[in-house]
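Q: Build the 3D model from these lines:
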Amino acid sequence: MSKIQPFHIAFPVDDLKAAKSFYTEILGCSLGRSSDSWIDFNLFGHQVVAHLSPDEVRTTEKSEVDGKMVPVRHFGVILKWDQWHEFANMLQTKNIKFVIEPYVRFKGESGEQATMFFLDPSGNALEFKSFKDQSSIFEE
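A: Numbers count the residues shown, from 1 in each chain. The predicted model follows:
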């Protein structure tokens with residue numbers, strides 16, 4: 001697999017101070033540029049930007065995947081297998097309230113993956129996952 005370029009995503013938050021605390025202290029992101037209305041975070045080498053926009057913050061619908069109700073609107077990072085487990089353990093020590101607890105889905109099937117979902121303070125859903133076999137990320 002060739003080296004993947006970092007992605008960029010921007011999302012609304014209703015409290016920049018809470019977002020800064022969560023993304024740096026809980027998720028371990030470093031800070032980039034910022035203003036009084038947005039903050040850049042380095043999330044595993046990707047640029048994610050929290051924009052203060054309280055009117056855009058909303059709950060997301062859910063959809064059934066592998067017997068679990070997954071937040072439809074979400075973002076996150078695909079980590080290496082061991083890195084995902086270390087990250088999940090770290091989050092559990094910080095008492096993250098999971099929407100979907102860390103577990104392995106599609107066991108023994110194409111696309112077997114470890115996954116977990118949780119919300120940031122503004123209700124944005126995040127999913128962090130890992131594929132046991134990274135070459136199966138886009139398999140049908």
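
Q: For stretch 35-46, measure first residue to last.
A: The first residue of stretch 35-46 is 19 Å away from its last residue (C-alpha to C-alpha, to the nearest Å).

Q: which stretches of the chain form strands?
A: Counting by DSSP state E, the chain has strands at residues 8-13, 30-34, 38-43, 46-52, 62-65, 68-71, 74-75, 98-105, 113-119, 125-131.

Q: Now render those strands as CSV, adding mean neighbour count, distance to F138 and mean pLDDT.
A: (Each C-beta comes from the backbone N, C-alpha and C, glycine too.) What follows is the strands of the chain, written out as CSV (neighbours: other C-beta atoms under 10 Å; distance: least, C-beta to C-beta, whole Å; pLDDT from 0 to 100):
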stretch, mean neighbour count, distance to F138, mean pLDDT
strand 8-13, 16, 20, 97
strand 30-34, 11, 29, 97
strand 38-43, 19, 22, 98
strand 46-52, 19, 18, 98
strand 62-65, 12, 17, 92
strand 68-71, 17, 19, 92
strand 74-75, 15, 18, 96
strand 98-105, 16, 17, 95
strand 113-119, 21, 12, 96
strand 125-131, 21, 10, 96
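
Q: want to try JSON lines for those, with distance to A88 as columns?
A: Listed next are the strands of the chain as JSON lines, based on distance: least, C-beta to C-beta, whole Å:
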{"stretch": "strand 8-13", "distance to A88": "21"}
{"stretch": "strand 30-34", "distance to A88": "21"}
{"stretch": "strand 38-43", "distance to A88": "16"}
{"stretch": "strand 46-52", "distance to A88": "19"}
{"stretch": "strand 62-65", "distance to A88": "18"}
{"stretch": "strand 68-71", "distance to A88": "16"}
{"stretch": "strand 74-75", "distance to A88": "16"}
{"stretch": "strand 98-105", "distance to A88": "4"}
{"stretch": "strand 113-119", "distance to A88": "6"}
{"stretch": "strand 125-131", "distance to A88": "8"}
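
Q: Between these, which one is closest to W81.
A: Nearest to W81 among the strands of the chain is strand 125-131; the distance by C-beta to C-beta comes to 4.9 Å.
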